[in-house]
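Trainee: Starting from these lines, generate the structure:
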Amino acid sequence: MKSAIQKELRVLVKARDEIQALRKRFDNRMGKKADGTDQNVDAEARAIESMEVVEVLNNISENTRDQEKKIEKTLAKTLKSIPVYTEWIKKQKGVGPVSAGWILAEFDIHIADTASKLWQYAGVNPGLVPGKKSIKKKDYKKAMGKVIQESEFKGEKQYIVLTDEFVRGDRLTPGFVSPFNKRLKTALMGVLASSFIKSRAPYRTNFYDPYKERLKNEESPICNPDEKRVRKDDGKQWKDVSDGHRDMAARRYMIKMFLKDLYVAWREIEGLPVRVPYAEEYLGKRHAA
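Mentor: Next up is the predicted model:
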């Protein structure tokens, strides 16, 4: 069960993202970059000749920018009341208030009793996991799988069913419920990973850079031997795939290492027991991206 402060953080980070998206749309219409400077405008922007229209759009853009700043200020203030933020997250170079807000709003450290559960929820586990399906209650049969959740959509009862079919833990599979939190994955793999790289944070120099460099010479195949689905890169060695592919693998590894450290720090601050990842504890394996 998420706490009241987690729910507050969720409202703030979602509102900030939605307002930012709106502001970007208006900036694009006006031919502005994220910092407010001019960009190469498209035909639609060039066609706006009415100064009244220009002024209205500029006002909307500036107002939404102000709202973003107000939300970020409130977010930073709220984070100060959370021990794991003040004692650990805030000290990690490259982790800003918005990324911290997503992390603390979406993860429940009392449920995540292993780092592996953080990885799965964040969408950075490329292994196979049992697939879940959303099925109307009236259509459900026992053979479809175990009911693990019940909800209502547009007035109709729905079941979330755990099937005996397996899907990739970091990808969307048609017909199955997403095995991860999509917004959280975007916040971590997009915003936070980019911040680590841009700021040359320790998580970049200790994990991203050496892992990506290793993959340049890696002769093992990239495909998961347990995965039956054929992908365009199946059979290729890491050294033969695009630099962008290796970049994403290195980002994923870096985020996994950050989440592993977060798990330990957060559980210890909350006075909860700490376990090593399942693959290490039971299978004797070390982490892979």
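Trainee: measure stretch 180-193 end to end?
Mentor: 17 Å (C-alpha to C-alpha, to the nearest Å).
Trainee: heads up, I number from 35, so please use that
Mentor: Noted, 35 is the first residue going forward, which turns the last one into stretch 214-227.
Trainee: My read is that P255 contacts K270, right?
Mentor: Yes: P255 lies in contact with K270 (C-beta atoms under 8 Å); the separation is 6.7 Å. All C-beta atoms are positioned from the backbone trio N, CA, C, and that covers glycine.
Trainee: So, low pLDDT: which residues of the stretch 185-323 of the chain?
Mentor: 257-269, 311-323 (pLDDT under 70).
Trainee: which residue ranges form the helices in it?
Mentor: Using DSSP state H, counting those that start in this stretch, the helices of the stretch 185-323 of the chain run over 216-219, 227-232, 236-237, 243-250, 277-303, 312-317.
Trainee: could those helices go into a markdown table alongside mean neighbour count and distance to K111?
Mentor: Formatted as a markdown table, these follow (neighbours: other C-beta atoms under 10 Å; distance: least, C-beta to C-beta, whole Å):
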| stretch | mean neighbour count | distance to K111 |
| --- | --- | --- |
| helix 216-219 | 16 | 22 |
| helix 227-232 | 18 | 21 |
| helix 236-237 | 19 | 26 |
| helix 243-250 | 16 | 35 |
| helix 277-303 | 20 | 20 |
| helix 312-317 | 12 | 37 |
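Trainee: mind checking which of those helices is nearest K180?
Mentor: Proximity to K180 (C-beta to C-beta) singles out helix 312-317 among the helices of the stretch 185-323 of the chain, at 20.7 Å.
Trainee: mind listing what T197 touches?
Mentor: For T197, the contact set (C-beta atoms under 8 Å, 6 or more residues apart in numbering) comprises P164, G165, K166, K167, M178, G179, F210.
Trainee: out of these, which are buried?
Mentor: G165, K166, K167, G179, F210 (16 or more other C-beta atoms under 10 Å).
Trainee: For the fourth one, give me the pLDDT.
Mentor: Right, the one you point to is G179. With respect to pLDDT, G179 scores 92.
Trainee: now do the first one
Mentor: According to the prediction, G165 has pLDDT 96.
Trainee: Tell me who's in contact with the nearest residue to W122 once chain neighbours are set aside.
Mentor: Nearest non-adjacent residue to W122, counting by C-beta to C-beta, 6 or more residues apart in numbering: A299, 4.2 Å away. Applying C-beta under 8 Å, 6+ apart to A299 gives the contacts V118, E121, W122.
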